[in-house]
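Trainee: With the sequence up front, the predicted model follows.
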Amino acid sequence: MDDSYRHVSLWKDVSSEDWEDWHWQLRNRIYTLDQLKQVIELTPEEEEGVAKRDGRLVMAIPPYWAALMDPKDPNCPIRKQAVPVSGEFNIAEHDMKDPCGEDSDMPVPGLVHRYPDRVLFLVTEQCAMYCRHCTRRRLVGVNHGLMNNHEKTFAYLRAHTEVRDVLISGGDPLMMTDAKLAQVLSKLREIPHIEFIRIGSRTPVTMPQRVTPEFCEVVKQYKPIWMSLHFCHPKEVTPRLKKAMDMLSESGVPLGSQTVLLRGVNDDPATMKKLMHELLKVRVRPYYIYQCDMAQGITHFRTSVETGIRIIESLRGHTTGYAVPTYVIDGPGGGGKIPVNPNYVVSVKDGEVTLRNFEGKTYIYYEPGTEKAGAAVGASSNGNGFSSIPDYVP
């Protein structure tokens, strides 16, 4: 049984049965300054951030996540993602309320239809933990009544036969009961042109107790269900997290990760490489690294784009390709995901493509139609680093 939480006086007498109950984890989330002071030694910036409520994304920290925080180090990457700081009240010039432009692409409440064949289905405004870098902070943490009724969404999807891919998100879909989530999945499966269903969630990372045998039965029933999980630091990949990932994988759920590039959390190559390796060890395929959006109050988390490119260069060729996600910027105002990669193409001229590899060496690729008359097919010994390939002899 996991008793790693007993070092925190607040939970030293909590039974293992309660600790493993996700309902208990939700009921006992940290909401107040007094509770938080029993877990960590607060800095003035943290104390101000927690105490000042107006205009702030709500704080809610599951005990599981809180027990991972370093009580003395304000630079703890687990702590920085969960505890508000006074910097959240600094609104920079280019900050946006809706940085991804979702509201303008919302034909019915809670459904974003931006790409031709896929939609984002926001099923709830609630999360197990409210990450301080949240890009959807305009919606989450309170009940706007926006997503209490999904019938308009189902009617829209039935009418739009071009939609084949639905990403269920929020908030966090795993804040719904198993029965309610099953109802949503069932109605989606009834629509014949919907081929691909994904669930986007942070909850298995912040509160892995939510991954229960009952939940796994739901995703088995409506398989195939894919899951996109939100990881930001290798410390999140705990033995308890591995247990949840094993349960999902063994239920036939393909797992991918989405990581936000965050200043002071994961903005160095070594940390990001370690995270990617830890994810592969628990059967999660690195999928995206997101440049931090220009949401209001999270400028202190944002890095330069050059930082992200440098991280991708530190991965590509230096580790397995499975550990190299796609680095993207969500185009501000509704541009969608735009890939940003190091430039490995040095030049393209007269059918000769000059490339550089991960070591900085250059190579030439000849496009079709550039062969000289009488040249041996398949031969390549031009001094540009290619091995000679002999002619095929049957």
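Mentor: Received it, and whenever you're ready, just let me know what you need.

Trainee: For the stretch 151-300 of the chain, just list every one of the strands.
Mentor: 165-169, 196-201, 225-230, 255-261, 285-291 (DSSP state E, counting those that start in this stretch).

Trainee: Neighbours of the closest residue to residue 252 other than its chain neighbours, how many?
Mentor: The spatially closest residue to residue 252, leaving aside those adjacent along the chain, is residue 223, at 5.5 Å (Cβ to Cβ, 6 or more residues apart in numbering). Where C-beta positions appear, they are placed from N, C-alpha and C, glycine not excepted. Using other Cβ atoms under 10 Å, residue 223 has 14 neighbouring residues.

Trainee: Now do the helices in the protein.
Mentor: 16-19, 22-27, 33-37, 44-51, 63-68, 77-80, 151-159, 178-189, 203-206, 213-221, 239-249, 269-281, 305-315 (DSSP state H).

Trainee: Report the distance from the first one to the chain centre.
Mentor: When C-alpha coordinates are averaged (Cα atoms, centre = their mean, to the nearest Å), helix 16-19 and its chain have centres 28 Å apart.

Trainee: who touches the residue lying closest to residue 286 once chain neighbours are set aside in this structure?
Mentor: What sits nearest to residue 286 in space, not counting adjacent residues and going by Cβ to Cβ, 6+ apart, is residue 325, at 3.9 Å. By Cβ atoms under 8 Å, 6 or more residues apart in numbering, the contact set of residue 325 is 257, 259, 276, 286, 287, 288, 289.

Trainee: Now restrict those residues to buried residues only.
Mentor: The neighbour count (16 or more other Cβ atoms under 10 Å) marks 257, 259, 276, 286, 287, 288, 289 as buried among those.

Trainee: State the pLDDT value of the spatially most central residue of the chain.
Mentor: Against the mean C-alpha coordinate of the chain, by Cα atoms, centre = their mean, the closest residue is residue 258 at 2.5 Å. Here, the pLDDT recorded for residue 258 equals 96.

Trainee: is it true that it touches residue 287?
Mentor: Yes: Residue 258 is within contact range of residue 287, at 5.9 Å (criterion: Cβ atoms under 8 Å).

Trainee: Just to check, residue 244 is in contact with residue 208?
Mentor: Yes: with contacts counted by Cβ under 8 Å, residue 244 reaches residue 208, the gap being 3.8 Å.

Trainee: partners of the least confident helix or strand in the chain by mean pLDDT in the sheet?
Mentor: One helix or strand of the chain scores below all others by mean pLDDT, DSSP states H and E: strand 336-339, with a mean of 91. Strand 336-339 has the following strand partners under DSSP bridges: strand 326-331 (antiparallel).

Trainee: Output the partner strand as PDB, nothing but the C-alphas.
Mentor: Taking Å, rounded to 0.1, in the frame of the first residue of the first chain, the C-alpha atoms of strand 326-331 are listed here in PDB:
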ATOM      1  CA  THR A 326       5.900  17.700 -32.400                       C
ATOM      2  CA  TYR A 327       6.500  21.200 -31.200                       C
ATOM      3  CA  VAL A 328       3.600  23.500 -32.000                       C
ATOM      4  CA  ILE A 329       2.300  27.000 -31.400                       C
ATOM      5  CA  ASP A 330      -1.500  27.400 -31.300                       C
ATOM      6  CA  GLY A 331      -1.900  30.300 -33.600                       C
END
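
Trainee: per-residue confidence averaged over it?
Mentor: Rounded mean pLDDT across strand 326-331 is 94.

Trainee: repeat for stretch 46-57
Mentor: 86.

Trainee: picking that back up, highest mean neighbour count out of the helices of the chain?
Mentor: When the helices of the chain are scored by mean count of other Cβ atoms under 10 Å, the highest mean neighbour count falls to helix 203-206 (a mean of 27).

Trainee: In CSV, list the C-alpha atoms belonging to that helix.
Mentor: What follows is helix 203-206, C-alpha atoms only, in CSV (Å, rounded to 0.1, in the frame of the first residue of the first chain):
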residue,chain,number,x,y,z
THR,A,203,-6.7,13.9,-14.1
PRO,A,204,-4.8,10.6,-14.4
VAL,A,205,-1.7,12.6,-13.8
THR,A,206,-2.9,14.9,-10.9
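
Trainee: CSV for the buried ones among the contacts of residue 325, including distance to residue 115?
Mentor: CSV is the format used below for these (distance: Cβ to Cβ, whole Å):
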residue, distance to residue 115
257, 21
259, 21
276, 26
286, 22
287, 16
288, 15
289, 20
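
Trainee: List just the nearest of those to residue 305.
Mentor: Nearest to residue 305 among the buried ones among the contacts of residue 325 is residue 289, at 11.4 Å by Cβ to Cβ.

Trainee: quick one: that closest one and residue 312 touch, right?
Mentor: Yes: Residue 289 is in contact with residue 312 according to Cβ under 8 Å; the separation is 7.5 Å.

Trainee: list residues touching both of these two?
Mentor: Contacts common to residue 289 and residue 312, judged by Cβ under 8 Å, 6+ apart, are residue 327.

Trainee: Who are the contact partners of residue 203?
Mentor: Contacts of residue 203 (Cβ under 8 Å, 6+ apart): 127, 128, 172, 174, 175, 210.
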